[in-house]
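Student: For reference, the sequence and a predicted model appear below.
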Amino acid sequence: MMKYIIELILSIGKVDRRWIFLVIGLAVLLPLFFPLGLPIRATTATQRVYDAVEELEPNSKVLVSFEYGPSTKPEIHPMAIAILRHLFTNSQKVYVTCLWPDGQFMAEDALTEIAEEEYGLTYGEDYVLLGFRPGNEAVVKGLVSNIRKLYTTDARGTLVDQIPMMANVNKVKDFDFIFSASAGYPGTIEWVQYAADPTGVPMSTGTTSIQVNDVMPYVQSGQVKGILAGMPGAAEYEALIGSPGIGTSGMDAQSIAHLVIVLFIVFGNITYFIETRRAKKY
Amino acid sequence: MVAGGLALAFIVFWLAGHPGFREERIVMFLAITIMASTLIYFIRLANRGEKFHLRSIPGLKAVEEAVGRSTEMGKPVLYVPGIMDMDQVETVAGVIILGHVAKMTARYETSLNVPVSRSIVMKAGREIARESYTMEGRPDLFQDDMVHYLTDDQFAYAAGVNGIMVREKPAACLYMGKFYAESLILAETGNSIGAIQIAGTASQAQIPFFVTACDYTLIGEEFFAASAYLSQKPELLGGLKGQDMLKAFVTAAILLSLFLRVFSDLGWIGWNVIDFLTVQ
Amino acid sequence: MVIGAWISVFLTLAILSYLYKDNPFYKVAEHVFVGISTGYWTSMFFWTQIQPNLFGRLWPATEYDASSLWYKFYNLFGVFSSVFPEGGIAKGHDMHLIYLVPFALGIMMLLSVSSKLSWMARWGIAYTVGMAAGLRAYGFLNSNVLGQIKGSAFQIFNSDLPYFALVGESITNNFVILIGTITGLMYFYFSREHTGNFGRLTKVGIYFLMISFGASFGFAVMGRISLLIGRFVDLMHYSSSAYNNATLWILLIMVLLLGYSAFMDKGRPVESPVNDRTD
Amino acid sequence: MLWKRQIPILIATVVGLLTLFGWFIDNPGIESFVNDDATQWFDILASFAIFLGALNLMKLQGRKVLKQHSGWQYSLFAIGGFIFAIVAGFIYKGNDAVAWGVHVTSKGTLFKWMFDFIFTPLSATMFALLAFFVASASYRAFRVRNLEATLLLVSGMIIMVGRVPLGSSISSWFIMYLLVLVGSVAANIKFQDKIITFGVLLGGVVIVTIWGSLAGWPVDQPSIFYLPMLQDWIYNNPNVAGARAIMIGIGLGIFATSIRYILGVEKSYIGE
């Protein structure tokens, strides 16, 4: 009997990678059909973003910047939606810029879904989409020195001077808060280096899980007020503002997939143990 | 001598009210000048024949082995200079390392395949590879299309390189430059075709993937030291010695600012180091 | 809209089929992707860089006067009215004739296609490398080096920090970070062999680095899984009857064809890409 | 020789010094160059260069078709895809309400259709392949070969399980039992003596059970073994230390390399 178990473990330990792909595929697909609803606990980093946004008094000016594309939409879009919901419930004024060309499409989808359909706000008074400008960090530096030089018109072609909420908003210093929804370069790091640090305007960010590691030292040294890390970060923020969305439904699939990977690693190690012990015997 | 003169000139300029100089960035100016002069000092020292002992970096020794192995197996060497353009220092370093690898493939007469993601990198890569083949006396072996353009898009490039790997089955895959999320796609495909993989990058987020999926990885600063190791040129080795000195400076600066912070907290000195270090 | 759904489902499944093995579906998707993306970025660069930022600065609408020679020359291009609209280009820039320099470098780059003039690209390359060296040196020195020195100068005698706390800052945590940073930095020493006491320090350094790599790897696993979730949600969305169940049909056809080709390959020795390295 | 080598090296040095020390000169012209124009010029240069790349790609794919190399049929797809994108970008807008130039980033155009239904699914799916590769890479690499690989494995697993909701329902007592088991296995390998191994196992289990029953088996006490807390500590401390060391290393590496390029110490990218 024992022999059979060892042989089974050995066969799992040296399995062809395509079986792993199949198991991972199922581990992600099945929970989408049969959700489990596991509990979600907010980590310190997500809590700090929530507090930073909650502290803003009503009608303060918030700059939200979209720096992600279609390939990173599943991770970052739920965050952007949650942040916009939180800002609009606290009746803040939202100004949207984009450092990525695709970011403008994402911003348009998010704003139509939340600002127009859900909150019924008026464009130009409660929120404005300034849109995409090429030049990577040059755009951030341009916003710090003079917005009107960079954005003579907003994304819909109306002149900036004719937009009521743009009155006496000339540079980043006039904003009370910055939130960068970023998936790479240009993104959070450029906002820290060229905007938050020099002007001192408080800033938070939401990034893909993999970019969190780049940004963590900035969060740890206080240059960035907390961080929403990947889809779990989005799910935690959705739980904090009490409106579960795409982030939450994805979490069950995450848990199962992680468990499967951990099991494969454990089996892989057991096989490794048995084989090295056998090799020593011969 | 020159440094003394320059320092004197700067002090005079500073005392004369330093017109048109942004004072708030004085820290950066001092940091740049001190560090640059250390580097120049050690480069000059090396030029005058000073020998420096350098520790061995396994990844770099493996480059020659990998090219040798591909020659035995009669398979091409695949070289990926990162997906960013020449406006990133890592890409420039990647192209320079391509020069050294091209010398090896010229010597061993191995076929070299360099798919690139940016056109300027294609031009620079061709210039440097042609130069290496000519210096090894084998200009006949070099064709322009060894360095060929695929696409500017990150994932289309990854898909294209995957295709090349699976169909041409190179024996050695070298990834030297700046990478983003596609690093693991390349490394896993390279592993599935059984190639020796050596990666070098300073893209912090991608180093863990290369460490797990590749045989050798040059981590951050080791990647920048590669061109010095491969060329063994005295001035580049001197530069490395200079870099070590900079690391000593930074360690000292960390400890110093730690104590200064303690003193200012306890009120012994009124001046806080933190705002000294914050550069607007 | 429906055709779009069918195409997007086909391309998604074709890329996923690569996991099984390199097959004709993946080859089609790969080549389409390479072709489309090159065209996409060529158009994107032209319409977001060359037209607004270069031509927009050489012939801005704000300073348009038909009498000047400069704008007469501009009107010659009028035939491409979409690129050079009447009355100059209104992209909010004023005239900067210095932009003739990047214009010239760009033209030289294009001329370098002929092997005789290939050296012309070197000027553009030299400018790029010079600019990269200057900007990145300053940026990285400022945020990576100075920023991190500032970050690691923590307060040792700060009363409100507990001696040890699992979550949040504490004295021992700060010391752990300090030791890790310094020993990690020592690992990167080149001019000294990592032996003896120095070797022990760098060993501790490499342990910290390994923990850091494991942590960011663990973190990345989550992000990647969520991307796959995004794709499956899309596929399920397109399997509904509104798109006359695109996903189901395409999936069925693909599985049948791949199964058939695998069956046919049984005869010939399949060069399976299993990891069979010779060393 | 002057045009091919001396002038490019001169350009690199002058532009390098200008962009490096331009940060300190308080004159609006230089300041605007360093802040915006330098990168803007590069973007324009890169936009010109991409035509070269596209030309090279089409030449290679075209030659493959003409010479009927193996797999030439697929090159037809590459050429077709490129032509389709160029048509959508320059020739046919599909929605005349939108002006040329803005059509690249606005709704209703053929370009946007191509972006939504061809470009997005392809790039999102390629990205999603990583979910599979991350699993197979960790399966292959996380092996207890030596102490370093073990640290990689342990910290990776703790973070992976600790950050997911499932992790917060694993009680710290379960982890302590697990540690006792691992401890006894290690003791068994080290001493090869059944009695010691059994002693370690029994002692460990007894201690944990007594301690647990006294404390009333709370899920998240003692917090050092509670995964979400442990993962937070690992993520905010040793991980930040390692990341900081690499960051400083990269910062110095990029600074030193840039100085070498500016001073012309390393000019092989221009060709010897």
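Tutor: Arrived safely, thanks for sending. Numbering: from 1, shown residues only, chains lettered A, B, ... in the order given.
Student: From here on, just use CA atoms for contacts and neighbour counts.
Tutor: Will do.
Student: Other residues contacting stretch A:251-258?
Tutor: In this structure, residues lying in contact with stretch A:251-258 by C-alpha atoms under 8 Å, 6 or more residues apart in numbering or on different chains are A:24, A:27-32, A:35-38, A:231-232, A:235, C:221-222, C:225-226, C:229, D:160-161, D:164-166.
Student: and stretch D:181-195, does that touch chain A?
Tutor: No. Stretch D:181-195 stays out of contact with chain A when judged by C-alpha under 8 Å from any C-alpha of the partner chain, the minimum separation being 9.8 Å.
Student: residue ranges with poor pLDDT in chain D?
Tutor: Per-residue confidence for chain D (pLDDT under 70) gives these ranges: D:105, D:219-223, D:271-272.
Student: Now B:Tyr79, what are its backbone angles?
Tutor: Note on B:Tyr79: its backbone torsions stand at phi -120, psi 120 [degrees, to the nearest 10].
Student: what's the burial count for B:Ile83?
Tutor: 26 (other C-alpha atoms under 10 Å in any protein chain shown).
Student: can you pull the contacts of the nearest residue to it once chain neighbours are set aside?
Tutor: The shortest distance from B:Ile83 to any residue other than its chain neighbours is 5.3 Å, reached at B:Ser117 (C-alpha to C-alpha, 6 or more residues apart in numbering or on different chains). Contact criterion C-alpha under 8 Å, 6+ apart gives B:Gly82, B:Ile83, B:Met84, B:Asp85, B:Tyr149, B:Leu150, B:Thr151, B:Asp152, B:Asp153, B:Gln154, B:Tyr157 as the residues in contact with B:Ser117.
Student: A helix includes the second one, no?
Tutor: No. For B:Ile83, which was evaluated using DSSP: H, G, I helix; E, B strand; the rest coil, the result is coil, with no helix membership.
Student: now it: how far from chain A?
Tutor: Computed as C-alpha to the nearest C-alpha, to the nearest Å, the B:Ile83 to chain A distance reads 12 Å.
Student: How about the contacts made by that residue?
Tutor: Each residue near B:Ile83 by C-alpha under 8 Å, 6+ apart is listed here: B:Val116, B:Ser117, B:Arg118, B:Asp152, B:Gln154, B:Tyr157, B:Gly177, B:Lys178, B:Phe179, B:Tyr180.
Student: again with the last one
Tutor: When the contact criterion is C-alpha under 8 Å, 6+ apart, the partners of B:Tyr157 are B:Ile83, B:Ser117, B:Leu150, B:Thr151, C:Val34.
Student: One more pass at 10 Å, please.
Tutor: By C-alpha atoms under 10 Å, 6 or more residues apart in numbering or on different chains, B:Tyr157 lies in contact with B:83, B:115-118, B:149-151, B:163, B:182, B:186, C:30, C:33-34, C:37-38.
Student: if we look at the lowest-mean-pLDDT helix or strand in chain A, which residues are touching it?
Tutor: One helix or strand of chain A scores below all others by mean pLDDT, DSSP states H and E: helix A:2-13, with a mean of 73. In this structure, residues lying in contact with helix A:2-13 by C-alpha under 10 Å, 6+ apart are A:15, A:19-20, A:264-272, A:274-275, D:139-140.
Student: just those: which has the poorest pLDDT?
Tutor: Sorting these by pLDDT puts A:Val15 at the bottom of the list (74).
Student: Make sure I have this right: that one is in a strand.
Tutor: No. Counting by three-state DSSP, A:Val15 is not part of a strand but coil.
Student: ok, back up a step: now the least confident helix or strand of chain A, how far from the centre of its chain.
Tutor: Centroid separation between helix A:2-13 and its chain, computed with C-alpha atoms, centre = their mean, to the nearest Å, is 42 Å.
Student: all strands for the stretch 101-250 of chain B, in order.
Tutor: If you assign secondary structure with DSSP state E, counting those that start in this stretch, the strands in the stretch 101-250 of chain B sit at B:112-116, B:147-149, B:172-176, B:196-201, B:216-219.
Student: Could you export the ones you listed to CSV, including columns for mean neighbour count, mean pLDDT and distance to D:Lys112?
Tutor: Formatted as CSV, those follow (neighbours: other C-alpha atoms under 10 Å in any protein chain shown; pLDDT from 0 to 100; distance: least, C-alpha to C-alpha, whole Å):
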stretch, mean neighbour count, mean pLDDT, distance to D:Lys112
strand B:112-116, 23, 94, 27
strand B:147-149, 25, 93, 25
strand B:172-176, 27, 95, 34
strand B:196-201, 27, 94, 35
strand B:216-219, 24, 92, 40
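Student: what's the closest of those strands to C:Tyr187?
Tutor: For those, proximity to C:Tyr187 was assessed by C-alpha to C-alpha; strand B:216-219 is nearest, at 10.4 Å.
Student: Which residue does chain D have closest to chain A?
Tutor: Residue nearest to chain A within chain D (C-alpha to the nearest C-alpha): D:Ala124, separated by 3.9 Å.
Student: I'd like the next helix or strand past the strand or helix carrying that residue.
Tutor: Under DSSP states H and E, the secondary-structure element containing D:Ala124 is helix D:120-141. For helix D:120-141, the following helix or strand on the C-terminal side (DSSP H and E) is helix D:147-162.
Student: Run through the neighbouring helices and strands of that following helix.
Tutor: In terms of contacts (3 or more C-alpha pairs under 10 Å, 6 or more residues apart in numbering or on different chains; DSSP states H and E), helix D:147-162 is packed against helix A:246-281, helix B:207-213, helix C:196-237, helix D:120-141, helix D:165-168, helix D:227-236.
Student: Mean neighbour count and distance to C:Pro85 for those helices - can I get that in CSV?
Tutor: Conversion of the helices and strands packed on helix D:147-162 to CSV gives the following (neighbours: other C-alpha atoms under 10 Å in any protein chain shown; distance: least, C-alpha to C-alpha, whole Å):
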stretch, mean neighbour count, distance to C:Pro85
helix A:246-281, 20, 44
helix B:207-213, 26, 48
helix C:196-237, 24, 40
helix D:120-141, 24, 31
helix D:165-168, 20, 57
helix D:227-236, 23, 55
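Student: now those as JSON lines including distance to A:Gln220?
Tutor: Listed next are the helices and strands packed on helix D:147-162 as JSON lines, based on distance: least, C-alpha to C-alpha, whole Å:
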{"stretch": "helix A:246-281", "distance to A:Gln220": "25"}
{"stretch": "helix B:207-213", "distance to A:Gln220": "21"}
{"stretch": "helix C:196-237", "distance to A:Gln220": "15"}
{"stretch": "helix D:120-141", "distance to A:Gln220": "27"}
{"stretch": "helix D:165-168", "distance to A:Gln220": "23"}
{"stretch": "helix D:227-236", "distance to A:Gln220": "7"}
